[in-house]
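Novice: My questions concern the predicted model and sequence given below.
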Amino acid sequence: MPAREPFAGIWGFYPLDRDLLEKSIERCFQDTDYGPGRLPSGRRASSVHGGIAPHAGYTYSGPCAAHLYLELAEKHADFDTLVVIGTNHTGIGGDLTTTSAYDEWVTPLGSISVDVEAVGKLVSEAGIADERSAHDREHSVEVQLPFAQYALGTGWRLIPIVAKPFTPEKAKTYASRILGVMEELARKPLFIVSSDFTHHGPSYGYVLFTVDPISKVKDLDLAFISRITALDTEGFYKMVEEYNATICGWPAIMVLMEIARIKGWSLKFLKYYNSGELTGDPSVIVGYASISLEQP
């Protein structure tokens with residue numbers, strides 16, 4: 001099978017040069033304004049099972065993502081498989097869509113083997129669709145991978161999935177089925193959901209606030225995050241419907257909430273800011289959040 005090339009890097013989400021990419025990631029960690037302000041210092045615990053991170057260009061959302069990957073680097077649970085559930089921006093495929101077209105994904109930091117057996121089981125037993133084009137035209141899974149390689153090292157395999165809208169009932173079903181396949185295959189997974197938060201402004205066709213939109217978008221996103229950390233899937237979904245939400249990965253977030261509920265884990269808020277806070281431009285605002293999935 002062919003390897004999936006780093007399309008998101010080609011599209012400009014991160015540098016294609018290995019050294020420049022590593023320096024870019026390290027700047028995200030060392031950012032004292034929006035990042036955690038330091039590099040990972042070695043694993044000290046084993047309580048973090050994944051989380052939620054944004055997927056914009058590293059210049060914008062990388063410092064936010066670094067908050068989650070610092071937690072993962074220093075506290076990740078024993079694992080052999082990284083399940084990344086991204087946003088299906090194209091709408092191609094099913095509710096959840098993986099791909100069996102590749103046996104590895106390549107970034108400038110090296111190649112990552114796909115858990116081909118688990119992908120096959122998810123398609124045959126969990127109702128997940130198999131469609132290459134849903135991933136060839138998509139950046140949300142790939143943008144997480146260099147951060148994961150930097151924070152988690154090597155020796156793990158990837159399961160790539162993208163999600164498009166569905167109900168909380170389906171989120172519960174998919175969470176149970178995914179965990180069932182992981183248990184059946186004796187996998188030890190980490191779960192990363194790749195999602196930006198509210199997209200606000202005329203270019204997104206979404207304008208809720210005309211006065212002080214940067215702070216109002218932040219308040220709205222923090223209200224969504226409060227539902228997420230409360231594992232209130234129904235309440236979160238009702239807010240999505242009420243506000244016609246432009247959180248691009250909200251279906252994937254619901255799956256992670258249900259995984260947390262099944263496993264008795266928690267979702268812990270780490271960091272939030274939006275692009276308006278970075279640029280000062282109130283006409284184009286995208287929210288970024290990092291939230292960790294933890295075992296109490």
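Specialist: Perfect, I can see it now. Numbers count the residues shown, from 1 in each chain.

Novice: rest of the way, CA atoms for contacts and neighbours
Specialist: OK.

Novice: Shouldn't Asn50 be within a strand?
Specialist: To be clear, residue 50 is Gly; Asn isn't right here. Yes: secondary structure assignment places Gly50 in a strand (DSSP: H, G, I helix; E, B strand; the rest coil).

Novice: Look up how far Asp78 lies from it.
Specialist: As for Gly50, its distance to Asp78 is 11 Å (criterion: C-alpha to C-alpha, to the nearest Å).

Novice: So if I had to pick from those two, which one is more boxed in?
Specialist: Using other C-alpha atoms under 10 Å, the more surrounded residue of Gly50 and Asp78 is Gly50, with 27 against 14.

Novice: I'd say Glu138 and Gly91 touch.
Specialist: No: with the criterion set as C-alpha atoms under 8 Å, Glu138 and Gly91 do not qualify as a contacting pair; they are 10.1 Å apart.

Novice: Now Val84: closest residue in space that isn't a chain neighbour?
Specialist: Taking C-alpha to C-alpha, 6 or more residues apart in numbering as the measure, Val84 lies nearest to Ile192, with 4.7 Å between them; neighbours along the chain are not counted.

Novice: so that neighbour sits in a strand?
Specialist: Yes: counting by three-state DSSP, one finds Ile192 located in a strand.

Novice: where does the residue nearest to Ser283 when sequence neighbours are not counted fall, phi/psi-wise?
Specialist: Setting aside the residues directly before and after it, Ser283 is nearest to Gly201 in space (C-alpha to C-alpha, 6+ apart), at 5.1 Å. Backbone torsions for Gly201, taken as degrees, to the nearest 10, come to phi 140, psi 160.

Novice: Bridged to Gly201, which residues?
Specialist: The partner list for Gly201 in beta bridges (DSSP bridges) reads Tyr206.

Novice: show me what contacts Ala45?
Specialist: When the contact criterion is C-alpha atoms under 8 Å, 6 or more residues apart in numbering, the partners of Ala45 are Glu74, Lys75, His76, Ala77.

Novice: try Thr97
Specialist: Contacts for Thr97 (C-alpha under 8 Å, 6+ apart) come out as Ile128, Ala129, Asp130, Glu131, Ala134, Ile161, Val162, Ala163.

Novice: swap the cut-off to 6 Å and go again
Specialist: Thr97 makes contact with Ile128, Ala129, Asp130, Ile161, Val162 under the criterion C-alpha atoms under 6 Å, 6 or more residues apart in numbering.

Novice: Tell me which of the residues you listed fall in strands.
Specialist: In strands, defined here by DSSP state E, the members of these are Ala129, Asp130, Ile161, Val162.

Novice: Touching, the first one and Gly94? I think so.
Specialist: Same thing as Ala129. Yes: look at Ala129 against Gly94 with C-alpha atoms under 6 Å: they come within range, at 5.4 Å.

Novice: Would it be right to say that Asp219 lies in a strand?
Specialist: No: the secondary structure assignment for Asp219 gives helix rather than a strand, going by three-state DSSP.

Novice: export the contacts of Thr97 to a markdown table and tack on neighbour count, pLDDT and distance to Gly57?
Specialist: Output for those, formatted as a markdown table (neighbours: other C-alpha atoms under 10 Å; pLDDT from 0 to 100; distance: C-alpha to C-alpha, whole Å):
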| residue | neighbour count | pLDDT | distance to Gly57 |
| --- | --- | --- | --- |
| Ile128 | 25 | 98 | 28 |
| Ala129 | 22 | 98 | 27 |
| Asp130 | 22 | 98 | 27 |
| Ile161 | 27 | 98 | 20 |
| Val162 | 32 | 98 | 18 |
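
Novice: of those, closest to Tyr60?
Specialist: Val162 (21.9 Å; C-alpha to C-alpha).

Novice: ok, and what's touching stretch 165-181?
Specialist: For stretch 165-181, using C-alpha under 6 Å, 6+ apart, the contacting residues are Ala126, Pro251, Met254, Val255, Glu258, Ile259.
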